[in-house]
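A.B. asks: Provide a 3D model corresponding to the input given below.
(2 chains)
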Amino acid sequence: MEDDGNDKGKNKYSIIVPTYNERLNIALLVYLVFKHLRDVDFEIIVVDDGSPDGTQEIVEQLQNVYGEDRILLRPRAKKLGLGTAYIHGLKHASGNFVVIMDADLSHHPKYLPSFIKKQLETGASIVTGTRYVKGGGVHGWNLMRKLTSRGANVLAQTLLWPGVSDLTGSFRLYKKWVLEDVISSCVSKGYVFQMEMIVRASRKGYLIEEVPITFVDRVYGSSKLGGSEIVEYLKGLAYLLVTT
Amino acid sequence: MKRIIKIITLLVAVSALWIGLLQTSVLPHSYTWLLPMYSIVSLGCYGLLMVGVGLMRFPTCPHEAVLLQQDVVEAKEFLKQRGVDVSGSD
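C.D. replies: The predicted model follows:
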């Protein structure tokens, strides 16, 4: 079909990073991406949802350091949700591969080379980072958070049988046309969106490979999983049961 | 086929098997009547066991937090020299 990147030298990776009030983290992230991706053609597309903390000014300063062709600022007026942020970023992506990652440094750019390597070795359409295998892991979660995470995972594995060990992780590498294809059929929000993406991709028969990643939760308390999140998750699960 | 159809098909097949067992009385009726209860209980046990095992073997990475902190210091140093404003709380 489209350019699947059999020729290593021609591959370009577009890293889409949605931000909201990440002025410090986006700077650290950009530095780390440039540090760890040395011999790779890539661009970073920052989709900022009108952060009041000056995230966009920092991105402009970073453009002065690294170049406007390497760091693209594609802001939106207000907070419009994660799924549409990826679609917005995709419109401006010039690579044949797209990487999606969080700006808060819970996803470390040092894993990017292993995503790329895995894709080149296997020709996979999607490489997804998983926290739940050897070499992966999580830091900063209390017992309750771990318990809900495991419970949610067992439930989803038993009911959906997706063939992927980490459904709600959002550190992933896609062939660009595959992401465009999958994202158009997804309607969920938040982290249910990540689950819907990978389940739909799996049902469509795309080859999905996994690489271990570690997940350091630095913003303590922000990822508390409350009752409403659990209800959202169960609704998402039911939705995927009847639609995929 | 939608996932829910697959699951319902499986449930229907299992119930058909169970009704068959009731009709033919291969097993004593009192046993057969209890079979659905046993299967629900064992399914629950399986779930709890999987969650328990998952919790016990939950991979953690405290050293990664330390490494990240070093990266943060290094990045701040580099960016500050090049005129990027990295002040502000972390």
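A.B. asks: so where's chain A uncertain?
C.D. replies: A:1-9, A:219-225 (pLDDT under 70).
A.B. asks: quick one, strands of it?
C.D. replies: Assigned by DSSP state E, the strands in chain A fall at A:12-19, A:41-48, A:71-73, A:97-100, A:126-130, A:137-139, A:172-175, A:208-212, A:214-216.
A.B. asks: for chain B, tell me whether the third one is touching it.
C.D. replies: No: using CB under 8 Å from any CB of the partner chain, strand A:71-73 stays clear of chain B, coming no nearer than 11.4 Å. Any C-beta I mention is one placed from the backbone N, CA and C, and that applies to glycine too.
A.B. asks: can you list the strands that that strand pairs with?
C.D. replies: According to DSSP bridges, strand A:71-73 forms sheet pairs with strand A:41-48 (parallel).
A.B. asks: rewinding a little: which of the strands of chain A sits closest to residue B:7?
C.D. replies: Residue B:7 sits nearest to strand A:208-212 of all these, at 22.2 Å, using CB to CB.
A.B. asks: wait, does the closest one contact chain B?
C.D. replies: No: Strand A:208-212 does not reach chain B (CB under 8 Å from any CB); its nearest approach is 8.5 Å.
A.B. asks: neighbouring strands for that strand, and are they parallel or not?
C.D. replies: Strand A:208-212 has its sheet partners listed here by DSSP bridges as strand A:126-130 (parallel).
A.B. asks: the partner strand: how far from the chain's middle?
C.D. replies: Offset of strand A:126-130 from its chain centre (CA atoms, centre = their mean, to the nearest Å): 9 Å.
A.B. asks: next one: stretch A:155-175
C.D. replies: Relative to the centre of its chain, stretch A:155-175 is centred 12 Å away, using CA atoms, centre = their mean.
A.B. asks: can you give me the buried ones in that stretch?
C.D. replies: Residues of stretch A:155-175 classed as buried: A:155-157, A:160, A:162, A:164-175 (neighbour count, 16 or more other CB atoms under 10 Å in any protein chain shown).
A.B. asks: again with stretch A:64-78
C.D. replies: So stretch A:64-78, judged by 16+ other CB under 10 Å, has buried residues A:65-66, A:70-76.
A.B. asks: tell me the one of these nearest chain B?
C.D. replies: For the buried residues of stretch A:64-78, the residue nearest chain B by CB to the nearest CB is residue A:65; the value is 4.7 Å.
A.B. asks: and residue B:3, how many neighbours?
C.D. replies: The tally of other residues near residue B:3 (other CB atoms under 10 Å in any protein chain shown) stands at 18.
A.B. asks: try residue A:204
C.D. replies: By the criterion of other CB under 10 Å, residue A:204 has 13 neighbours.
A.B. asks: if I pick it, what's in contact with it?
C.D. replies: Contacts of residue A:204 were listed using CB atoms under 8 Å, 6 or more residues apart in numbering or on different chains, and they are A:181-182.
A.B. asks: switch the cut-off to 10 Å
C.D. replies: For residue A:204, the contacting residues are A:125, A:178, A:181-182, A:185, A:244, by CB atoms under 10 Å, 6 or more residues apart in numbering or on different chains.
A.B. asks: chain B next: which of those residues are close?
C.D. replies: Near chain B, judged by CB under 10 Å from any CB of the partner chain, the entries from the contacts of residue A:204 are residue A:244.
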